[in-house]
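Chemist: the following comprises the amino acid sequence and a computationally predicted model.
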Amino acid sequence: MDALDKLGISWQLLLSQIVNFGLLMIILQQLLYKPVLNMLEQRRQRIAEGLEQADKASHAAAEAEAEKQAILEEARREAQEVRAQATRDAERIAQDVRSRADQEAQDIRMKAQADAEAQTAAVMADARKQIADLAIAATEQILGRELANKDEQERFVADYLAQQNGSGS
Amino acid sequence: MFKNLLQAFVLNARIRNATIGVIVLLVLSVVPFFNAPPPHVELAAEALLEQGPKWFTNGLLTTILVDLIIILMAVFAVSRMKEIPGAWQNIVEMLVEGMWNLTQSIAGHGSANSRKFFPWVITIFIFVLVSNYIGLLPGFGSIGIYHSGAESHAQAALDNQIAMAGAETVAVAAAAEEGKPVLVPLFRSPSADLNMTLALALISVFMTQFFGVQALGIRYFTKFFKNPFKDGMGAVVGFFELIAEISKIISFSFRLFGNIFAGEVVLLVMAFLVTFLLPSIFYGLELFIGFIQALVFMLLTLAFFTMATVSHDDHH
């Protein structure tokens, strides 16, 4: 015991140091180690999460880019189609319009021809009638009297003219 | 060659000023006014109050101070803990994480042992480190209370008996023997108080046994005690193991105590020999030793803990 005393060792002080260490350890365990390790773990998870999200985001961005490309491609294709369709339609319409115009022109021409023919026919008929009348009148003058059967005469002249017309033309 | 040096000396203001500073400090060291008093070397922690209780030593006071410092530093780091750490939180986190990784690298990654050992070894490291460093602060050993000669007579006599080996210490003790009032330092590094180092050594060795029994049950003790009739050689080895286990207490406590106490004595003696400059060099050395000793105490404890939990029968 004497030697220990010289070294300054006493059981009270020794015990106080042991208790001190124990208390310090418990306090630090609650105050320092647990919160710090928890924080480190929490931060580790945050970083892992962040990295994962960044990964996901870049993945999503790539996907969006691909989708955009696809949509653009689709749109371009559709536009192409629409244009082609429009061109075809326009051509068809132009064709229509042209054919209709042709048709109309044809109709107008036909009608004009028909009119002209009708007019000619009318003029001819009129002329024939006048000729017949003139012929009857001339005949009456030559004969010096009025023909008794006027209607019969007229029919006769008309038949003759028609016959002439038929063989003459 | 010499001419070149001279030229450099004259031209380079920094080298010139530094050299002049060194010379001035060395000259001042010889001036009697600046001479440090003969170092007061006490092996044991001293009672602070002459008439007060004997247990109230400067070592105990400083231990409490160390506790407060550690707890305050922890509180500062943790009280406003943030996901994005501030400077101080960062340092403390680095320390805790470093120790945690070290513990894991020895006791096994993510093992239950690591979690069990961690508070013990990190507390040892922090406590010993702060204890070692606090003794290097100015004022330690120089600020104190004067005790009248009567008591110091006895103390000096004790010193004399113990410190026969060191001639300087004897001289110091002799100087203190003249019955003049003796300065009792107010603070003393806990690491330079055998009560603290012995307490830590006892805790370390006891917990080694505790963890060993916890991991292996009663089988743990077969390391020390074997049936001499069945395994004669094993019994002898076991006996040596037992002695080694007990001597750990002594090696642990005196390694730390010896290093820190001797370091402080070296600083005092250097200051006594050359007041300026020379102690500065040894301060650097003491900083290094203080860190190494804390790390050694912690690592050895951790290694012993880990070894105790491994069954030795597995090899056979």
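Modeler: That came in fine, so what should we check first? Worth saying up front: this structure is predicted, and the values here are computed from it rather than measured. Residues are numbered from 1 along each chain as shown, chains lettered A, B, ... in the order given.
Chemist: report the closest residue of chain A relative to chain B.
Modeler: A:Gly8 (2.3 Å; C-beta to the nearest C-beta). Quick note: C-beta positions are derived from backbone N, CA and C, even for glycine.
Chemist: OK, contacts around that residue?
Modeler: B:Leu43, B:Ala44, B:Ala45, B:Thr57, B:Gly59, B:Asp193, B:Leu194, B:Asn195 (C-beta atoms under 8 Å, 6 or more residues apart in numbering or on different chains).
Chemist: ok, 10 Å please
Modeler: Applying C-beta atoms under 10 Å, 6 or more residues apart in numbering or on different chains to A:Gly8 gives the contacts B:42-47, B:57, B:59, B:158, B:188, B:192-195.
Chemist: repeat that for A:Ile108.
Modeler: Counting by C-beta under 10 Å, 6+ apart, A:Ile108 has no contacts.
Chemist: got it, and A:Leu7?
Modeler: With contact taken as C-beta under 10 Å, 6+ apart, A:Leu7 is in contact with B:Leu43, B:Ala44, B:Ala45, B:Leu158, B:Ile162, B:Asp193, B:Leu194, B:Asn195, B:Leu198, B:Ser253, B:Phe254, B:Phe257.
Chemist: if we go to 6 Å?
Modeler: Neighbouring residues of A:Leu7 by C-beta atoms under 6 Å, 6 or more residues apart in numbering or on different chains: B:Leu194.
Chemist: tell me the pLDDT at it?
Modeler: If you check A:Leu7, the pLDDT there is 82.
Chemist: please report how far the most centrally placed residue in chain A lies from A:Glu73.
Modeler: Among the residues of chain A, the one closest to the centroid is A:Val82, at 5.4 Å (C-alpha atoms, centre = their mean). Using C-beta to C-beta, to the nearest Å, A:Val82 is found at 15 Å from A:Glu73.
Chemist: what do you get for A:Arg98?
Modeler: 37 Å.
Chemist: just A:Gln53 next, same as before
Modeler: 30 Å.
Chemist: and B:Ser247, by the same measure?
Modeler: Distance from B:Ser247 to A:Glu73, by C-beta to C-beta: 83 Å.
Chemist: and B:Gly141, helix, strand or coil?
Modeler: Classification of B:Gly141 by DSSP: H, G, I helix; E, B strand; the rest coil places it in coil.
Chemist: surely it touches B:Pro185?
Modeler: Yes - B:Gly141 lies in contact with B:Pro185 (C-beta atoms under 6 Å); the separation is 4.8 Å.
Chemist: who has more neighbours, the two?
Modeler: Taking other C-beta atoms under 10 Å in any protein chain shown, B:Gly141 and B:Pro185 do not tie; B:Gly141 has more neighbours (25 against 20).
Chemist: distance of the more buried one relative to B:Leu267?
Modeler: B:Gly141 is 8 Å from B:Leu267, by C-beta to C-beta.
Chemist: same question for the lengthiest helix in chain B, mean pLDDT?
Modeler: The helix spanning the most residues in chain B, taking DSSP state H as the definition, is helix B:232-273. Here helix B:232-273 scores 91 as its mean pLDDT.
Chemist: which elements pack onto that helix?
Modeler: With contacts taken as 3 or more C-beta pairs under 6 Å, 6 or more residues apart in numbering or on different chains; DSSP states H and E, helix B:232-273 sits against helix B:194-216, helix B:278-308.
Chemist: what about A:Ile93, distance to A:Gln103?
Modeler: A:Ile93 sits 15 Å away from A:Gln103, going by C-beta to C-beta.
Chemist: to clarify, my last question referred to A:Ala3.
Modeler: For A:Ala3, the distance to A:Gln103 - C-beta to C-beta - is 138 Å.
Chemist: ditto for B:Phe276
Modeler: From B:Phe276 over to A:Gln103 the distance is 124 Å, taken as C-beta to C-beta.
Chemist: the two - which one has more neighbours?
Modeler: Taking neighbours as other C-beta under 10 Å, B:Phe276 and A:Gln103 compare with B:Phe276 leading, 17 against 10.
Chemist: can you tell me the closest non-neighbouring residue to that one?
Modeler: B:Leu25 (4.0 Å; C-beta to C-beta, 6 or more residues apart in numbering or on different chains).
Chemist: burial count for the one you found?
Modeler: 16.
Chemist: and B:Trp88, by the same measure?
Modeler: The tally of other residues near B:Trp88 (other C-beta under 10 Å) stands at 12.
Chemist: and it, which helix or strand is it part of?
Modeler: Using DSSP states H and E, B:Trp88 maps to helix B:87-107.
Chemist: now for that helix, which elements pack on it?
Modeler: Helix B:87-107 sits against helix A:34-143, helix B:58-79, helix B:112-134, helix B:278-308, with contacts defined as 3+ C-beta pairs under 6 Å, 6+ apart.
Chemist: does stretch B:185-204 reach chain A?
Modeler: Yes - for stretch B:185-204, a contact with chain A is found by C-beta under 6 Å from any C-beta of the partner chain, at B:Leu194, B:Asn195, B:Met196, B:Ala199, B:Ile203.
Chemist: and the first one, what does it touch?
Modeler: Taking C-beta under 6 Å, 6+ apart as the definition of contact, the neighbours of B:Leu194 are A:Leu7, A:Gly8, A:Ile9, B:Phe257.
Chemist: what does the last one give?
Modeler: B:Ile203 sits next to A:Phe21 when contact means C-beta under 6 Å, 6+ apart.
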